[in-house]
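Participant: Dropping the sequence and predicted coords here.
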Amino acid sequence: MSAMLLKSVHVIDPAAGRNGRFDVLIVDGKIGRIGRDLPVNDARVIELPSSFIVTPGLIDIHVHLREPGQEHKETIATGTASAVAGGFTAVACMPNTDPINDNASVTQFIVKRAAETGVARVYPIGAVSLGSKGERLTEIGDLRAAGCVAITDDGRPVGTALLMRRALEYASMFKMPVINHCEDPSLKGDGVAHEGAVAAMLGLKGIPGASESVMVERDVSMAELTGGHVHVAHMSARQSLRAVRAGKARGIRVTAEVTPHHFVLTDEALARHGGYDTNTKMNPPLREEADRAAMIEGLRDGSIDVIATDHAPHHADEKALEFDRAPFGIVGLETAVSLCFDRLVHPGIIALPRLVELLSTNPARVLGLPGGTLVEGEPADISILAPDASVTIHAAALRSKSKNTPFDGWTLKGGVAATIVGGRVVYANPELLTLNL
Amino acid sequence: MTTATTLRHRHLLGIRDLEPGEIDLILETALAMKEVGARPIKKVPTLRGRTVVNLFFEPSTRTRMSFELAEKRLSADTLGMTTAGSSVVKGETLGDTARTIEAMAPDMIVMRHASSGAPHQLARVCRASIINAGDGTHEHPTQALLDAFTIRERKGTLAGVRVAIIGDLIHSRVLRSNVWLLTKMGASVIACAPATLMPPGLRELGVAVTYDIDEAVKGADVIMMLRVQHERMHGLFLPSAREYFTYFGLTPARMERAAADAIVMHPGPMNRGVEIDSDVADGPWSVILDQVANGVAVRMAVLYLLAGGEGEG
């Protein structure tokens, strides 16, 4: 029997109603007990600086691990190494691999590779339609049985209202949400940046916020029609937030996530440093200040459920193209926590328990995953965060195989001290922890 | 405004980066260069021994010829590379192309590219001076400079001149460069296009916006017509060329609303009978061929100034 006692640490676990000093005993990979003045017995005692917080393992429900098929961008091994370095104990991975995760054999491959090479928990998300082509439903029951936790055609929208209707109806039987990359393809066209003054000035083709909200509104209607659960991926436009709020107010099962880059950056980033940095190109695009401010307000007032990174690794060679030809997306796993502390917690927009809700409690609830709270007898998936640490992001030092981040060189307040998955310390930040975990 | 004595930048990527004094310097220098073109022997040794690469990733006839002529009149060694489409077509990144060209150690690169921002990306990795000869729908700085030169030639000044810019504005790099230039130099600009071809954010740049060509032309000293691509004529931008001409074509009748000494400009190539009536294009208002002639002088000035404003002769 191996035991570790986190002694008198600041535990924040909104689902369990905890926000205070507790002892956390980890025995054989599981939470043994949480309480005050627990007996040490033969446990290794770990003490942490008083400013550190201990939370249920953070869960990122929107990650592209790229395996199988695009291992030059990322693998399950490197992607989960990146996750734990970012404080995440679990990730849900998108199906737009090659081949697409649209059948149980691909799901089984991901589950097997994750068991062999992953250091974080990996929950596959299956495709809504075969090949994500928007024509025929996948074998959603089989996907569920093989380990999928949700369905999406991410990278592409669920093309038609009818397909969304059927997907919601069918997935409801298996208690899975349908996650949608909301974007009307005809309005998006070959746009590469948010439609507005910046794109007009830079001569870049625009993607209006309405290209997203028009589909969010459709999906809210489909969720109402079917009683199914629709989850809006990487919401970016203020009009979409309005639609989500209206849906929630009517009791419709709609949830939404926002990425750190959409609440930190605006399209002004495209014009900075000489302009046209392809690490500012993502889909949905960085939007204007009114949208960014709306996302912040949604995070504050509770209408946004989840912060997810849309971690989208691309090889440097792929990003070294003309702006309109480079692929969309940035890596996000290792920058999310610092951005959240620096831009949400320290400015007083949200309190620490709300941050834990957005990064752990709600991600688990939205996808029906284990975790999101610390429960005696359950696996010890724990994140140890250092809200006051000064962290400088170095793209070259990221554990992800890809380095495509617009945050290179940023110094932020708040970081990750350690990550524990199943009782095992899978990441310890040597700059923040001198003790040997 | 005082005329600058040198350019602050190593590259000419866009008008947006220029100070009014620098614009003035280029236009003043172009005046001297135009004189060279009027000589029996139209060549000076200014750029002897310097290498200029004309890197055209998009087909171009007039801009390319104009630059080549400018380079030759300054005695530069010139080298042309034309590839249709992006470097990526050949499986090469823009960075690879840049390094390949760099290895040949040119002094200047004149670059035309279908992607907005491609010269800016190249400028971050190249030692050579880069002259943007048109990038996507972003900027075409030497076109705006030659337009300004032509306006000054006719009107004596840019300050206070009323300029109407009419046509496919949303897809136009000429529009963007001209808006920056004209507003920096104190001209008043009114933009006119169908709502489907009007870029957002023009008002924030100090430009008046109208969908009514008669309002745009009224009292204008300068009317700048921009080309409407054929592929935009049928479908979701515009219903037909016929209807475009009805509502946005520049005709002699409409010219009556302009200032008595108004001039008409067009960067070419023109669509006669679509955006401009031949009677206007060939009429007394037209300075379209002056623009072409002035283009060489303005490009000579830019090459000369980016080379350091010195050299032999």
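Facilitator: The structure has been received and is ready for your questions. Numbers count the residues shown, from 1 in each chain, chains lettered A, B, ... in the order given.
Participant: Averaged pLDDT, the helix or strand harbouring B:Glu68. What do you get?
Facilitator: Remark: B:Glu68 resides in helix B:62-73, with elements defined by DSSP states H and E. When pLDDT is averaged over helix B:62-73, the result is 96.
Participant: okay, now the domains of chain B?
Facilitator: If the domains of chain B are taken from automatic domain parsing, they occupy B:15-139+B:294-306, B:141-292, with pieces of a single domain joined by a plus sign.
Participant: Mean pLDDT lowest where, among the ones you listed?
Facilitator: Per-segment mean pLDDT for these reaches its minimum on domain B:15-139+B:294-306, at a mean of 91.
Participant: Work out the gap between that domain and the centre of the chain.
Facilitator: Centroid separation between domain B:15-139+B:294-306 and its chain, computed with Cα atoms, centre = their mean, to the nearest Å, is 12 Å.
Participant: Which positions in the helix or strand of chain A with the lowest mean pLDDT come out as buried?
Facilitator: Of the helices and strands making up chain A, the lowest-confidence element is helix A:316-319, at a mean of 92, by mean pLDDT, DSSP states H and E. Across helix A:316-319, burial judged by 16 or more other Cβ atoms under 10 Å in any protein chain shown covers A:318-319. To be clear about C-beta, it is placed using only N, CA and C from the backbone, and glycine gets the same treatment.
Participant: my guess is A:Arg218 meets A:Met164, correct?
Facilitator: Yes - counting by Cβ atoms under 8 Å, A:Arg218 sits close enough to A:Met164 to count as a contact (7.1 Å).
Participant: overlap in contacts of these two?
Facilitator: With Cβ atoms under 8 Å, 6 or more residues apart in numbering or on different chains applied, the contact sets of A:Arg218 and A:Met164 do not overlap.
Participant: quick one: which of those two has more around it?
Facilitator: For A:Arg218 and A:Met164, the more surrounded residue by other Cβ atoms under 10 Å in any protein chain shown is A:Met164, and the numbers stand at 27 against 21.
Participant: what residues are up against that one?
Facilitator: A:Met164 makes contact with A:158, A:178, A:180, A:218-219, A:222, A:230, according to Cβ under 8 Å, 6+ apart.
Participant: how does it look with 7 Å?
Facilitator: By Cβ atoms under 7 Å, 6 or more residues apart in numbering or on different chains, the contact set of A:Met164 is A:158, A:178, A:219, A:222.
Participant: do you know how far it is from B:Tyr244?
Facilitator: Separation of A:Met164 from B:Tyr244 (Cβ to Cβ, to the nearest Å): 39 Å.
Participant: Then A:Glu334?
Facilitator: The spacing between A:Glu334 and B:Tyr244, counted by Cβ to Cβ, is 52 Å.
Participant: Between the two, point out the one with more neighbours.
Facilitator: With neighbours defined as other Cβ under 10 Å, A:Glu334 and B:Tyr244 compare such that A:Glu334 has more, 29 against 22.
Participant: Let's have the domains of chain B in JSON lines, adding distance to chain A.
Facilitator: Written out in JSON lines, the entries for those read as follows (distance: least, Cβ to the nearest Cβ, whole Å):
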{"stretch": "domain B:15-139+B:294-306", "distance to chain A": "3"}
{"stretch": "domain B:141-292", "distance to chain A": "3"}
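Participant: Could you list the paired strands of the strand or helix carrying B:Val52 along with their orientation?
Facilitator: In this structure, B:Val52 sits in strand B:51-56 according to DSSP H and E. The sheet places strand B:51-56 alongside strand B:77-82 (parallel), strand B:108-113 (parallel), with pairing taken from DSSP bridges.
Participant: Between helix B:62-73 and that strand, find me the angle.
Facilitator: On the basis of axes from the mean of the first three to the mean of the last three Cα atoms, to 10 degrees, strand B:51-56 is oriented at 170 degrees to helix B:62-73.
Participant: Same question for the spatially most central residue of chain B, what's its three-state structure.
Facilitator: A centroid search over chain B (Cα atoms, centre = their mean) returns B:Gln143, at 1.5 Å, as the residue closest to the centre. Going by DSSP: H, G, I helix; E, B strand; the rest coil, the secondary structure assigned to B:Gln143 is helix.
Participant: Am I right that it is in contact with B:Val174?
Facilitator: Yes - counting by Cβ atoms under 7 Å, a contact exists between B:Gln143 and B:Val174, whose distance comes to 5.1 Å.
Participant: Could you check how many residues crowd around B:Thr6?
Facilitator: The number of residues packed around B:Thr6, counting by other Cβ under 10 Å, is 12.
Participant: so who does A:Asp219 touch?
Facilitator: Counting by Cβ under 7 Å, 6+ apart, A:Asp219 makes contact with A:164, A:180, A:182, A:230.
Participant: Scan those and report the most crowded one.
Facilitator: Sorting those by how many neighbours each has (other Cβ under 10 Å) puts A:Val230 first, at 30 neighbours.
Participant: Give me the phi and psi angles of that residue.
Facilitator: The phi and psi torsions at A:Val230 (degrees, to the nearest 10) take the values phi -110, psi 140.
Participant: before we move on, what about A:Thr89?
Facilitator: A:Thr89 has phi and psi values of phi -90, psi -10 when expressed as degrees, to the nearest 10.
Participant: Check A:Ile125 too.
Facilitator: phi -110, psi 130.
Participant: For it, give its distance to A:Gln108.
Facilitator: The gap separating A:Ile125 from A:Gln108 is 14 Å, by Cβ to Cβ.
Participant: Look at residue 154 and say how many residues are nearby.
Facilitator: The chain I'm using is chain A. 23.
Participant: should've been chain B
Facilitator: Summarising burial for B:Arg154: neighbours were counted as other Cβ under 10 Å, giving 16.
Participant: next one: B:Glu243
Facilitator: When neighbours are counted by other Cβ under 10 Å, B:Glu243 comes out with 13.
Participant: coming back round to it: what's near enough to touch the residue nearest to the centre of chain B?
Facilitator: Under the criterion of Cβ under 7 Å, 6+ apart, the neighbours of B:Gln143 are B:174, B:177, B:267.
Participant: which non-adjacent residue is nearest the second one?
Facilitator: Which is B:Ser177. Sequence neighbours aside, B:Ala144 is the residue nearest to B:Ser177 in space, at 3.6 Å (criterion: Cβ to Cβ, 6 or more residues apart in numbering or on different chains).
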